[in-house]
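# Kindly generate the corresponding structure for this input.
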Amino acid sequence: MATLSWTMGFAIGPAIAGLALSAHIQELFFLALVGACALAAVAATRLGSYIPAWSNVIEAA
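Prediction:
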């Protein structure tokens with residue numbers, strides 16, 4: 001499933017950006033991207049409280 005989401009993201013992302021740019025709504029598209037990033041940041045911050053401390057670590061190499 002992860003491979004499919006990466007593949008579709010690389011295919012659909014530029015298509016959506018191209019449509020937005022050709023429709024001359026660059027500012028709206030940029031604001032939508034900023035809003036999506038802000039929502040993702042809030043979601044990631046809230047998700048941190050649900051992840052157990054033992055799984056939220058990076059091991060030394």
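
# So for whatever helix or strand Trp6 lives in, mean pLDDT?
Per DSSP states H and E: Trp6 is located in helix 2-22. The average pLDDT within helix 2-22 is 88.

# now the helix or strand just after it, how far from the centre of its chain.
Next along the chain after helix 2-22, taking DSSP H and E as the criterion, comes helix 26-47. Its chain's C-alpha centre and that of helix 26-47 lie 8 Å apart, by C-alpha atoms, centre = their mean, to the nearest Å.

# Give me the angle between helix 26-47 and helix 2-22.
150 degrees (axes from the mean of the first three to the mean of the last three C-alpha atoms, to 10 degrees).

# before we move on, the earlier item: summarise which helices and strands the helix holding Trp6 is packed against.
Where contact means 3 or more C-beta pairs under 8 Å, 6 or more residues apart in numbering; DSSP states H and E, helix 2-22 is packed against helix 26-47. Where you see a C-beta, it was placed from the backbone N, CA and C, and this is true even at glycine.

# what's the helix it packs on in contact with?
The contact list for helix 26-47 (C-beta atoms under 8 Å, 6 or more residues apart in numbering) reads Ala17, Ala20, Leu21.

# from the residues you listed, which is closest to Ala53?
Ala17 (38.9 Å; C-beta to C-beta).

# Please tell me how far that closest one sits from Trp6.
Separation of Ala17 from Trp6 (C-beta to C-beta, to the nearest Å): 17 Å.

# Can you pick out the residue with more neighbours from these two?
Ala17 (13 against 10; other C-beta atoms under 10 Å).
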